[in-house]
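> Could you work out the structure for the sequence below:
(chains A, B, C and D)
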2 protein chains.
Amino acid sequence: MSELEIFKALSNQTRLQILYWLKEPDKHFPPQEHSFTEVGICVGQIQQKCGLTQSTVSEYLALLLRAGLLQATRMGQWTYYKRNEEAFEALGHFVQSTL
Amino acid sequence: MSELEIFKALSNQTRLQILYWLKEPDKHFPPQEHSFTEVGICVGQIQQKCGLTQSTVSEYLALLLRAGLLQATRMGQWTYYKRNEEAFEALGHFVQSTL
DNA sequence: AATATATATCGGTTTTTCCCGATATACCAA
DNA sequence: TTGGTATATCGGGAAAAACCGATATATATT
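Here you go, the predicted model:
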């Protein structure tokens, strides 16, 4: 995904907030069956904290996924999202050396 | 300026292009009276390379300035813009460690 | 003062983004 | 199969961004 698309994905307060929450899931979300670091957080949990509708949050997560900033894992009827830390490192490096 | 405003400023292909040109002014702009690294490039030169209108380019530069990514120097009837490299370093660090 | 040039700002149209409700799809359980 | 829950997708209204042309402002020159 292009840097332009990444910056667009980051140009929204709610999406930045989601990324912040997902940085330390155990601090921001209640305990769950599956490991935070392995699968991430399901859409419903994120939606509750956002206060936006389910459809909007689902779209935001899909957008962050397309930008490469998140990874998704489908487990049963839930989709778990977690950060793709490699993408953040790569982006930081890009900003420092290329942008 | 907030990171959100910075990411918004970076969410445009033309503005990214301008930042790229300003990274190595001597490679992308004709010689000029004043030192590239000291004052930067004037609006007209940037506008010519963009192909957009003067008003649009002026607004883009003002936007990048407000975001803290550029610095401006008024000299006579010209305004010279150059990159604020500290802002890029700070942003890269932010992406790596905080975002 | 009058003119010319460079840049900034203003008003408006088109495009994109934001965010919603409704609906579709996927999966699970009875 | 039927019904229930989780997520994704679709269609659309409202807000913001992307540009533009016209005009205002600032500076320099004559």
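> does A:Thr14 really touch A:Glu59, like I thought?
No - look at A:Thr14 against A:Glu59 with Cβ atoms under 8 Å: they stay out of range, at 10.9 Å. Where you see a C-beta, it was placed from the backbone N, CA and C, and this is true even at glycine.
> thought A:Gln96 was touching B:Glu86?
No - between A:Gln96 and B:Glu86 there is no contact under Cβ under 8 Å: 11.8 Å.
> quick one: which of those two has more around it?
A:Gln96 (16 against 10; other Cβ atoms under 10 Å in any protein chain shown).
> what about dumping the CA coordinates of the helix or strand bottoming out on mean pLDDT in chain A to PDB?
Sorting the helices and strands of chain A by mean pLDDT, DSSP states H and E puts helix A:36-39 at the bottom, at a mean of 85. Extracted in PDB, the C-alpha atoms of helix A:36-39 (Å, rounded to 0.1, in the frame of the first residue of the first chain):
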ATOM      1  CA  PHE A  36      -4.500 -10.200  22.800                       C
ATOM      2  CA  THR A  37      -1.100 -10.300  21.200                       C
ATOM      3  CA  GLU A  38      -1.900 -13.300  19.000                       C
ATOM      4  CA  VAL A  39      -5.300 -12.400  17.500                       C
END
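> mind checking pLDDT for A:Gln13?
Looking at A:Gln13, its pLDDT is 98.
> quick one, what contacts it?
A:Gln13 sits next to B:Leu4 when contact means Cβ atoms under 8 Å, 6 or more residues apart in numbering or on different chains.
> The one 5 residues further on too?
In this structure, A:Ile18 makes contact with A:Ile46, A:Cys50, A:Val57, A:Tyr60, A:Leu61, A:Leu64, judged by Cβ under 8 Å, 6+ apart.
> So which bits of chain A are right by DNA strand C?
For chain A, the contact set with DNA strand C under Cβ under 7 Å from any atom of the strand comprises A:8, A:11-12, A:14, A:52-56, A:59, A:74, A:76-77.
> from these, which is closest to DNA strand D?
Among the residues of chain A next to DNA strand C, A:Ser55 lies closest to DNA strand D (Cβ to the nearest atom of the strand), at 2.8 Å.
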